[in-house]
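[1] test case, fold it:
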Amino acid sequence: MSLVGFQAQNHRQQVAKRGAKPEVDNLETTPEMFEPLHRRFRFTIDVAALPHNAKMPRYLTPEDDGLTQSWAGERVWCNPPYSTIEPWAEKARMEVDAEIVVLLLPANRTEQGWWQRQVEPFRRSGACTVEFLPGRPRFIKHGFDKVEPNQRPPFGCCLVIWGDA
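    Numbers count the residues shown, from 1 in each chain. Here you go, the predicted model:
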């Protein structure tokens, strides 16, 4: 069986106009996950944050609209809203003047259109690197100061890295 010419498509349930889900989009990356990444990549800004989940002193909120701001010269951390991943993946790809951009993305969506358009061709060409993280990370729910039981997504995550690591 050949996959040449295969065109991935999102399942209709995955592209329904459900809108944003704040209970999913506003989850906070735990310090245990973020700190080793920050030591490794030396981030200067968090481009998709809210005051309660920002990982850096400098961060962009939805009101600041990180998708329209320049990331030039920055070392970018981005845990994007998972209800609208593609614009963030495209922005990361287009920000060639950023020193580095690291996106935390769900690892179970590699067949979806956004991955096939914004990540896969560039991963294959070496323009970006994908690192699959072990296990399923936990996230902190808004209103909590630590991970509570059952606050683990049903999927693993990966880092998509644009720039020299």
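[2] give me the low-pLDDT residue ranges for this protein?
    Within the chain, the stretches with pLDDT under 70 are 1-26, 140, 142-143, 147-154, 165.
[3] any chance you could map the helices in it?
    Applying DSSP state H to the chain gives helices spanning 12-15, 22-25, 31-41, 85-94, 113-118, 120-125.
[4] how about those helices in JSON lines, adding distance to residue 65 and mean neighbour count?
    Every residue, glycine included, has its C-beta placed from N, CA and C. Shown next, in JSON lines, are the helices of the chain (distance: least, C-beta to C-beta, whole Å; neighbours: other C-beta atoms under 10 Å):
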{"stretch": "helix 12-15", "distance to residue 65": "23", "mean neighbour count": "10"}
{"stretch": "helix 22-25", "distance to residue 65": "15", "mean neighbour count": "13"}
{"stretch": "helix 31-41", "distance to residue 65": "23", "mean neighbour count": "14"}
{"stretch": "helix 85-94", "distance to residue 65": "11", "mean neighbour count": "19"}
{"stretch": "helix 113-118", "distance to residue 65": "19", "mean neighbour count": "18"}
{"stretch": "helix 120-125", "distance to residue 65": "24", "mean neighbour count": "13"}
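[5] in JSON lines: those helices, plus distance to residue 59.
    Compiled in JSON lines, these are given as follows (distance: least, C-beta to C-beta, whole Å):
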{"stretch": "helix 12-15", "distance to residue 59": "28"}
{"stretch": "helix 22-25", "distance to residue 59": "15"}
{"stretch": "helix 31-41", "distance to residue 59": "13"}
{"stretch": "helix 85-94", "distance to residue 59": "14"}
{"stretch": "helix 113-118", "distance to residue 59": "23"}
{"stretch": "helix 120-125", "distance to residue 59": "26"}
